[in-house]
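Q: the following comprises the amino acid sequence and a computationally predicted model.
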Amino acid sequence: MADEKPDIARLVDEAAKAIGLPIALEYRANVLVNYERSLAIAQPLLEVELDDELTPAPVFRP
Amino acid sequence: MSDALSKQATASDIARAVMSGKAKAVSVVEAALTRIETSEAMINAFTDVLAERARKRAAEIDSGRHRGPLMGVPFAVKNLFDIKGLPTRAGSKINLDGPKAERDGALVRKLEAAGAILVGGLNMGEYAYDFTGENAHYGPSRNPHDPTRMTGGSSGGSGAAVAAGEIPLALGSDTNGSIRVPSSLCGLFGLKPTYGRLSRAGSFPFVDAFDHLGPIARSVEDLALSFDAMQGWDPDDPVCTDRPSEPTLTELNEGIGRLRIAVAGDYFVQGAEPEALEAVATVAKALGVSRTIVIPQAATARSAAYVITAIEGSQLHLPRLRTRPQDFDPDTRERFMAGALLPGAWYVKAQRFRRHYRAQVQKLFGEVDIILAPATPCTAPKLGQVMMKLGGVDLPVRANLGLYTQPISFIGLPVVVAPLQRPGGLPIGVQIIANHYKEAAALRVARHLEKQGVASAPPA
């Protein structure tokens, strides 16, 4: 289901394994808090729709 | 003009005095070293004091060498700048085990070529992932206006050292607000130039897509003086512009003339405490500005800036997160770890949105030349404070002090922070935002406010 809340703990544990980043137990709870926070802050970006033609500039020139 | 040996002296005061022979560079440096020794127990701005190097350089200047517009001006740099002979800490414990820099960073060399004298390296939040100025390894830099409060970060030592009058000029870096936040909370003028305007060669990176370097000072003239000395193409930084230098000092006093100025509404009002909005209103009134404009999708810009920062910054530190997690500051470690696990698709989308947002904001600059916005949503929080109330909502201090700076640096716009003193209260800054490469316009507006007595640094 699209609106089902992701299992952040499992996501973090598996992603950490996939990239070879050991996360000690004493750090894990706060990593989860920060991942949740990132998910919340990223929402406006995740919700915006972009045209297919809109490509990122390889070197950003203002 | 202040006595060149006093803590109120600006860089321009000192340079004029040394140039005219009214003061000796060695005396200026001795006075600065004495102030540093006196103040450090309270404000903890410096991690490295280069007394012998500074004395030697000062003696050379007094013997007629290194003449330039910043003659005899003592300055210090956030410790992510390379300083020859020292490991580049970047606020970390880990980097102390790294190699010693073989030469000074590009901007240090440029300022010294203009006659300035490096006196030390300054405290900062670990790896610049910080808006508070706190640091678990070296202790927090403390706000000279109330040492129980934050300086703001991550260029916290830069803000503290200048606000305390230890030195008149410091360099910082600004990825999401790290020059502008301490400038606001410490009551100083700060300049985050256009992305790519100043070379970043010889500085420890954080997020290449957004990293900027720039000055913090007690006067607008000092920003212009140092900015002009630091401009110029540098092949060692692939992002550094090859546009010709555009001196700003010569036109600093030309006034605001026909500049079209507006206040940013919408996102830049939401969540602001009354003191932040009052500061913007005071500046707008002084400039005769009544127009409000909306920077479209600023909230999405902040979101995208956050994502790019988290992913780029974490990727940079991934090898160290794997091997030395126990040596990180606890306040950065788990944020970096979480960032390393965010989806790559978010990053690419954020970079695509960045191009779109840049185009939208460029359209706005067809209508206005300058946009005013709060620099921080509030005055300096207490040291150690984790949460704060913004607009009645409890939010983490670390993620939200840069609420209003992130959407601006996201597309590399130049900004001058102008500080306002608040009788009986702590200072706060206003962002004066210009279009790309229009630093001169933002500086002129800040100078106009300074001349009117609206913007000023509180006495050191």
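A: Happy to help now that I have it.

Q: and the residue nearest in space to the middle of chain A, what does it touch?
A: When C-alpha atoms, centre = their mean is applied to chain A, the residue found nearest the centroid is residue A:39 (5.9 Å). Under the criterion of C-beta atoms under 8 Å, 6 or more residues apart in numbering or on different chains, the contact partners of residue A:39 comprise A:6, A:8. Glycine gets a C-beta too; all of them are placed from N, C-alpha and C.

Q: which SS class is it?
A: Secondary structure of residue A:39, reduced to three states by DSSP: H, G, I helix; E, B strand; the rest coil: helix.

Q: against residue B:338, how distant is it?
A: Counting by C-beta to C-beta, to the nearest Å, the gap from residue A:39 to residue B:338 is 10 Å.

Q: spatially nearest residue to residue B:50, not counting backbone neighbours?
A: Counting by C-beta to C-beta, 6 or more residues apart in numbering or on different chains, residue B:120 is the residue found nearest to residue B:50 once chain neighbours are left out, at 5.2 Å.

Q: how deep is the one you found tucked in, by neighbour count?
A: For residue B:120, the neighbour count with other C-beta atoms under 10 Å in any protein chain shown is 28.

Q: wait, a strand at it?
A: Yes. Secondary structure assignment places residue B:120 in a strand (three-state DSSP).

Q: give me the neighbour count for residue 5.
A: Looking at chain A here, since you left the chain open. Residue A:5 has 7 neighbours, counted by other C-beta under 10 Å.

Q: that's the wrong chain, I meant chain B
A: Using other C-beta under 10 Å as the criterion, the residues surrounding residue B:5 number 17.

Q: assign it to helix, strand or coil.
A: Here residue B:5 is coil, with the state taken from three-state DSSP.

Q: swap in residue B:172?
A: Using three-state DSSP, the three-state assignment for residue B:172 comes out as strand.

Q: tell me how far it lies from chain A.
A: Between residue B:172 and chain A the computed distance is 20 Å (C-beta to the nearest C-beta, to the nearest Å).

Q: pretty sure that residue contacts residue B:213?
A: Yes. A contact is recorded between residue B:172 and residue B:213 when judged using C-beta atoms under 8 Å, the distance being 7.3 Å.

Q: more crowded one of the two?
A: The residue with more neighbours, out of residue B:172 and residue B:213 and counting by other C-beta under 10 Å, is residue B:172; that gives 33 against 28.

Q: once you drop chain neighbours, what's closest to that one?
A: Nearest residue to residue B:172, sequence neighbours excluded (C-beta to C-beta, 6+ apart): residue B:155, at 2.9 Å.

Q: surely that neighbour touches residue B:123?
A: No. Between residue B:155 and residue B:123 there is no contact under C-beta under 8 Å: 9.2 Å.

Q: hmm, back to that, and the pLDDT at the residue nearest to residue B:50?
A: Predicted confidence (pLDDT) for residue B:120: 98.

Q: repeat for residue A:6
A: 88.

Q: does it lie in a helix or a strand, and which?
A: Secondary-structure assignment from DSSP states H and E places residue A:6 in no helical or strand segment.

Q: and residue B:418, by the same measure?
A: Here residue B:418 is covered by strand B:415-420, with elements defined by DSSP H and E.

Q: number of residues surrounding the residue nearest to residue A:33 when sequence neighbours are not counted?
A: Here the nearest residue to residue A:33 in space, its sequence neighbours aside, is residue B:334; by C-beta to C-beta, 6+ apart that works out to 7.6 Å. Using other C-beta under 10 Å, the number of residues around residue B:334 comes to 23.

Q: doesn't residue B:334 belong to a helix?
A: Yes. With three-state DSSP as the criterion, residue B:334 is located in a helix.

Q: OK, contacts around it?
A: When contacts are counted by C-beta under 8 Å, 6+ apart, residue B:334 is found next to A:27, A:30-31, A:33-34.

Q: circling back to that earlier point, mind listing what the residue nearest to residue B:172 touches?
A: Neighbour list for residue B:155: B:78, B:122, B:124, B:133, B:170, B:172-174, B:178-179, B:182, B:216 [criterion: C-beta under 8 Å, 6+ apart].

Q: out of those residues, who's the most crowded?
A: With neighbours set by other C-beta under 10 Å, the maximum within the contacts of residue B:155 is found at residue B:182, which has 43 neighbours.

Q: and that residue, what pLDDT?
A: Here, the pLDDT recorded for residue B:182 equals 98.

Q: setting aside sequence neighbours, what's the nearest residue to it?
A: Here the nearest residue to residue B:182 in space, its sequence neighbours aside, is residue B:159; by C-beta to C-beta, 6+ apart that works out to 3.1 Å.

Q: same for the helix or strand encompassing that neighbour, what does it pack against?
A: Secondary structure assignment for residue B:159, by DSSP H and E: helix B:156-163. Applying 3 or more C-beta pairs under 8 Å, 6 or more residues apart in numbering or on different chains; DSSP states H and E, one finds that helix B:156-163 contacts helix B:25-43, strand B:46-49, strand B:74-78, strand B:117-122, strand B:169-174, helix B:180-186, strand B:212-217.

Q: tell me the mean pLDDT for the helix or strand following the last one?
A: Using DSSP H and E, the helix or strand that directly follows strand B:212-217 along the chain is helix B:220-230. Model confidence over helix B:220-230 averages 98 on the pLDDT scale.

Q: show me what helix B:220-230 is packed up against.
A: With 3+ C-beta pairs under 8 Å, 6+ apart as the test, helix B:220-230 has helix B:11-19, helix B:106-113, strand B:189-192, strand B:212-217, strand B:415-420, helix B:439-451 packed against it.

Q: deepest of those, which one?
A: Per residue and on average, the most neighbours among the helices and strands packed on helix B:220-230 fall to strand B:189-192, with a mean of 32 (mean count of other C-beta atoms under 10 Å in any protein chain shown).

Q: show residues contacting that strand.
A: Residues from elsewhere that reach strand B:189-192 (C-beta under 8 Å, 6+ apart): B:172, B:174, B:179-180, B:182-184, B:212, B:214-220, B:222-223, B:227, B:409, B:414-419, B:429, B:439, B:442-443, B:446, B:450, B:455, B:457.

Q: and with 6 Å instead?
A: Contacts of strand B:189-192 from elsewhere in the structure, counted by C-beta atoms under 6 Å, 6 or more residues apart in numbering or on different chains, are B:174, B:179-180, B:183, B:212, B:214-217, B:220, B:223, B:227, B:415-417.

Q: what does the residue sitting nearest the centre point of chain B show for phi and psi?
A: With distances taken as C-alpha atoms, centre = their mean, residue B:179 lies nearest the centre of chain B, 1.8 Å away. Here is the backbone geometry of residue B:179 (degrees, to the nearest 10): phi -100, psi -40.

Q: out of the contacts of strand B:189-192, who's nearest residue B:274?
A: Using C-beta to C-beta, residue B:417 is the member of these that lies nearest residue B:274, at 19.1 Å.

Q: how about residue B:372, secondary structure?
A: Local secondary structure at residue B:372 is given as strand here, using three-state DSSP.

Q: quickly list what it is bridged to.
A: Beta-bridge partners of residue B:372, counted by DSSP bridges, are residue B:263, residue B:432.

Q: related to what we said a few turns ago, the residue nearest to the centre of chain B contacts residue B:162, doesn't it?
A: No. Checked against C-beta atoms under 6 Å, the pair residue B:179 and residue B:162 is beyond contact range at 11.3 Å.

Q: which bits of the stretch 201-350 of chain B sit near chain A?
A: B:299-300, B:303-304, B:306-307, B:310, B:322, B:334-335, B:337-338, B:340-341, B:346, B:350 (C-beta under 6 Å from any C-beta of the partner chain).

Q: from those, which two are the most distant?
A: B:299 and B:322 (34.0 Å).

Q: now the stretch 1-150 of chain B against chain A: closest residue?
A: Ranked by C-beta to the nearest C-beta, the top residue of the stretch 1-150 of chain B for proximity to chain A is residue B:129, at 11.3 Å.

Q: identify the residues contacting that residue.
A: B:313, B:332.

Q: most neighbours among the contacts of residue B:334, which one is it?
A: When neighbours are taken as other C-beta under 10 Å, the top entry among the contacts of residue B:334 is residue A:31 (26 neighbours).
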